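Peer 1: Quick one: sequence plus predicted model below, questions after.
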Amino acid sequence: MEFRQAATAEASKSYDTEKLRKEYLVESLFVPGELKLVYSHVDRYIIGGVVPTNAAVALEVDLKLIGANSFLERREIGIVNIGGAGTVTADGVDYAMDAKDCLYIGRGTQAVSFASADASNPARYYLISAPAHMTYPTVKAALSEATPQHLGSIANSNERTIYKYIHADGIQSCQLVLGMTLLKPGNMWNTMPSHTHERRSEVYLYFDMPEDGVVFHMMGEPTETRHLVVRNEQAVISPSWSIHSGVGTSNYTFIWAMAGENQSFSDMDMIPMKALR
Ligand SMILES: O=C(O)C(=O)C[C@H](O)C(=O)CO
Ligand SMILES: [Zn+2]
């Protein structure tokens with residue numbers, strides 16, 4: 001497991017491109033046959049990716065690193081399949097996972113494993129875990145069962161649908177809130193005007209992008225902005241002091257996940273356009 005510390009806004013002002021990427025960008029999560037995990041000290045997320053091929057892959061970590069007897073002893077996890085069909089097994093129960101299906105697994109689940117239906121078109125599971133203080137039931141939801149919210153307009157190049165899976169009125173959790181935003185073709189901007197979240201943080205995974213496509217992910221304090229050049233299936237850690245917006249070379253999809261003081265999707269500190277620098 002790789003570790004990322006929680007850098008301050010003040011320190012981040014002096015970072016060059018390489019340092020900024022090292023702190024905030026997760027470049028490689030999806031490696032065939034492997035479980036990749038990144039531990040962030042921002043809200044103690046564990047961000048992961050797993051691409052099972054011929055054999056199932058277990059959700060395992062060096063337990064000394066998390067000081068627990070199993071991965072989910074004191075954690076919950078949200079899983080979204082962004083690849084071919086597969087199955088996630090949680091304590092002996094199989095959950096069939098098609099593309100864009102989300103599975104929430106509650107605290108205390110002992111054994112989790114990931115499999116693909118077809119190794120030549122494997123499942124690609126994105127994982128996001130946060131500490132949990134109580135157990136909520138394990139629940140699966142397809143995209144069609146998520147709560148949609150249509151936002152934006154073609155005039156502003158930001159027509160998109162936000163699908164909420166794990167949230168106050170959907171799948172219940174201790175602190176994870178998770179959804180997926182699909183931009184319509186011809187639309188490239190998400191979340192502009194931008195916002196911060198003083199009371200929580202956010203992790204973005206960008207995907208459904210062409211190989212040579214990029215998203216310029218905007219970050220930093222509103223008056224001290226920076227950008228990260230993000231490619232397909234890369235993730236960004238967004239601390240509470242940072243805006244998190246993006247513009248792509250074409251439309252794209254992203255999974256956003258949050259943890260912190262509350263689960264209210266609308267708890268955003270909106271930044272007036274004239275305040276941005
Ligand atoms: O397109 C959007 O707008 C979003 O998806 C919003 C983000 O998910 C977000 O920042 C929620 O806090
Ligand atoms: Zn946000």
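Peer 2: Great, that's in hand. Ligands and ions are numbered 1, 2, ... in the order given.
Peer 1: What score does Ile82 have for pLDDT?
Peer 2: At Ile82 the predicted local confidence, pLDDT, stands at 98.
Peer 1: Just to check, it is in contact with Asn232?
Peer 2: No: under the criterion of CB atoms under 8 Å, Ile82 lies out of contact with Asn232, with a separation of 10.0 Å. Where you see a C-beta, it was placed from the backbone N, CA and C, and this is true even at glycine.
Peer 1: Among those two, which residue is more densely surrounded?
Peer 2: Just comparing Ile82 and Asn232: by other CB atoms under 10 Å the higher neighbour count belongs to Ile82, 22 against 17.
Peer 1: List the contacts of the more buried one.
Peer 2: The neighbours of Ile82, taking CB atoms under 8 Å, 6 or more residues apart in numbering as the test, are Ala99, Lys100, Arg124, Tyr125, Tyr126, Leu205, Phe207, Asp208, Glu233, Ile255.
Peer 1: where's it relative to Phe207, distance?
Peer 2: Using CB to CB, to the nearest Å, one obtains 5 Å as the distance from Ile82 to Phe207.
Peer 1: dump the residue contacts of Ala146.
Peer 2: Each residue near Ala146 by CB under 8 Å, 6+ apart is listed here: Cys102, Tyr163, Lys164, Tyr165, Gly170, Gly179, Met180.
Peer 1: Could you tell me which residues touch both of Ile82 and Asn232?
Peer 2: By the contact definition CB under 8 Å, 6+ apart, Ile82 and Asn232 are jointly contacted by Phe207, Asp208.
Peer 1: Please report the distance of Cys174 from ligand 1.
Peer 2: Here Cys174 is placed at a distance of 18 Å from ligand 1 (CB to the nearest ligand atom, to the nearest Å).
Peer 1: what do you get for Ala6?
Peer 2: Summarising the geometry, the distance separating Ala6 from ligand 1, computed by CB to the nearest ligand atom, is 19 Å.
Peer 1: Thr181 now?
Peer 2: The spacing between Thr181 and ligand 1, counted by CB to the nearest ligand atom, is 4 Å.
Peer 1: Would you confirm that that residue belongs to a strand?
Peer 2: Yes: following the definition DSSP: H, G, I helix; E, B strand; the rest coil, Thr181 is counted among the residues of a strand.
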